[in-house]
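# here is my input; please provide its structure:
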Amino acid sequence: MSGPLHGFTVLSLAPNLPGPLAAAALRDDGAQVVKVEPPGGDPFAGWAPEWYGELTRGVEVRRLDVKGAAGHAELRALLVGADLLLTSSRPSALGRLGLDGGTLGRDFPRLCRVPIVGDTRTPEVPGHDLTYVAEAGLIDPARPALPRTLLADVLGGQRAHA
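Numbering: from 1, shown residues only. Okay, here's the model as predicted:
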């Protein structure tokens, strides 16, 4: 695949919509993308299988237990060849896996990192699209239903690519 990112390798640990959306945009710009999913897969694949399939087309998907020794070793081997790491976990969760900025900077000094978090001012506070949509008053409590557009997820994925 050609494009401005030809020869560039992206490793994504970011499930659900924002991570695959950002990774797909990077793929479309020519990057090679490897997506690491937990052993049970990405929940997004169950919620929206066609959309998941579209976003992971041409992406190498690997299921690894990164909390186990073998999966963690395989993840570190993938990091050796990666130019960019996409994540969507809280910093403390990444730290428990030895994927905090200090450790990654020491072990993989050329690796760029893009954390996709709900609120960059408070990245330890978990948040999801539905949370933000509800807080913005865009869901009627009398008729709770999923919004038609996952606005925060889409914007998060797009901003991670930009």
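# can you tell me what sits against the top strand by length along the chain?
Once the chain is assigned using DSSP state E, the strand that runs over the most residues is strand 32-37. Surrounding strand 32-37, the residues in contact under the criterion Cβ atoms under 8 Å, 6 or more residues apart in numbering are 1, 7-13, 15, 19-20, 23-24, 26-27, 42, 56, 58-64, 66, 75, 78, 82. C-beta: built from backbone N, CA, C; applies to glycine.
# which SSE is immediately downstream of it?
Remark: after strand 32-37, the chain's next helix or strand is helix 43-47, criterion DSSP states H and E.
# just checking, Lys67 touches Ala93?
No: assessed by Cβ atoms under 8 Å, Lys67 is found out of contact with Ala93, at 10.4 Å.
# so the two - more neighbours on which side?
Here Lys67 and Ala93 are compared on neighbour count by other Cβ atoms under 10 Å; more neighbours surround Ala93, at 14 against 11.
# for Phe44, give its distance to Gly30.
Phe44 sits at a distance of 24 Å from Gly30 (criterion: Cβ to Cβ, to the nearest Å).
# with neighbour numbers in mind, choose between these two.
Higher neighbour count among Phe44 and Gly30: Phe44, with 21 against 14, using other Cβ under 10 Å.
# show me what contacts the more buried one?
Residues touching Phe44, when contacts are defined by Cβ under 8 Å, 6+ apart, comprise 15-17, 20, 51-52.
# related to what we said a few turns ago, so of the contacts of strand 32-37, which ones are in strands?
Using DSSP E, the subset of those located in strands is 9-12, 60-63.
# which parts of the protein are helices?
Ranges of helices in the chain, per DSSP state H, are 18-28, 43-47, 49-55, 69-80, 91-96, 101-107, 129-135, 151-161.
# pick the most buried one from those helices.
Between the helices of the chain, helix 18-28 has the highest mean count of neighbours, a mean of 24, where neighbours are mean count of other Cβ atoms under 10 Å.
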